[in-house]
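A.B. asks: Provide a 3D model corresponding to the input given below.
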Amino acid sequence: MMNPLMKSPEHNALAWGRDGRPDLEWVDLPALGIRMTRVPVSRSAYACFASDYPPGDGPAVNVSWDNAVRFCRWLGERCGAADDAPILYRLPTAAEWESCALGRAVAEPAWKDVCPDFGTDADFAGIEALLRDAGGRFSYSPHAWGLLRPEPPLWEWTGDLYDPEKNCRILRCACWRGRLDGAERTLYHRTPTPAQGRPEVAFRMVQAVL
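C.D. replies: Numbering: from 1, shown residues only. Purely as a prediction, here's the structure:
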């Protein structure tokens, strides 16, 4: 039986490159031993996998951690050669994400339990409507190590646990939903269980480079 999250092969073929592989741009990060997608996974790329997800050029948001992981696995199976093992795509760890944000390798996240007080440096009133129908209206600003970050800024899933008892996952990046410290507490402790997506949360993929 076909995975209900997957679209038909005819639909998938429309959004894949001529060689049958996804049209994704990667950045090699030798200091971390990985490569990472230059921008968060796009709506169109995710729409190849999710049955009713609207395509577009902006980042795929409202995607749960569970489905982001499923997308990575599905994509690895699709990209692997018929006689080879699937390519192992995954979500970045929190330390990998922070290393990319800082432009230098870090052993572990600098802030996990306590978020710095950045004040109210940005006002993104009405952004929920934009994220619901972002289309191609996202722009990107330079990020460390050749990566790009979406504007308006988004949180991004990582593969790490925040609270093992509640099965909450760590998010990274500055967020527009109120003061950053309050947003961090809300997103870490209340909503980011693996089965829940959020309109301000996107995701990137990484691949280990041996």
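A.B. asks: for the residue lying closest to G103 once chain neighbours are set aside, what are its contacts?
C.D. replies: Excluding the flanking residues, the one nearest G103 by C-beta to C-beta, 6 or more residues apart in numbering is A144, at 3.4 Å. (Each C-beta comes from the backbone N, C-alpha and C, glycine too.) Contacts for A144 (C-beta atoms under 8 Å, 6 or more residues apart in numbering) come out as 100-103.
A.B. asks: longest strand of this structure?
C.D. replies: strand 155-163 (DSSP state E).
A.B. asks: against which helices or strands is the very next helix or strand once past that strand packed?
C.D. replies: Counting by DSSP states H and E, the element after strand 155-163 in chain order, helix or strand, is strand 168-172. Using 3 or more C-beta pairs under 8 Å, 6 or more residues apart in numbering; DSSP states H and E as the contact definition, the elements that strand 168-172 packs against are helix 94-102, strand 155-163, helix 180-189.
A.B. asks: hey, least reliable of these by pLDDT?
C.D. replies: Least confident of those, judged by mean pLDDT, is helix 180-189 with a mean of 40.
A.B. asks: on that earlier part again, now, among the contacts of A144, which is nearest to L32?
C.D. replies: Of all these, L32 sits closest to C100, with 7.7 Å by C-beta to C-beta.
A.B. asks: just checking, the closest one touches W145?
C.D. replies: Yes - counting by C-beta atoms under 8 Å, C100 touches W145, with 5.7 Å between them.
A.B. asks: what segments of this structure are strands?
C.D. replies: 26-29, 34-37, 89-90, 139-142, 148-151, 155-163, 168-172, 201-202, 206-208.
A.B. asks: deepest of those, which one?
C.D. replies: Using mean count of other C-beta atoms under 10 Å, the stretch among the strands of the chain with the greatest mean number of neighbours is strand 201-202 (a mean of 28).
A.B. asks: pairing partners for that one, with directions?
C.D. replies: Strand pairing for strand 201-202, using DSSP bridges, gives strand 155-163 (parallel).
A.B. asks: ok so, going back, can you check which residues contact both of C100 and W145?
C.D. replies: Joint contacts of C100 and W145 (C-beta under 8 Å, 6+ apart) are L29.
A.B. asks: quick one, which of these two is more surrounded?
C.D. replies: C100 (27 against 18; other C-beta atoms under 10 Å).
A.B. asks: contact partners for that one?
C.D. replies: By C-beta under 8 Å, 6+ apart, the neighbours of C100 are 29, 32, 36, 92, 143-145, 147.
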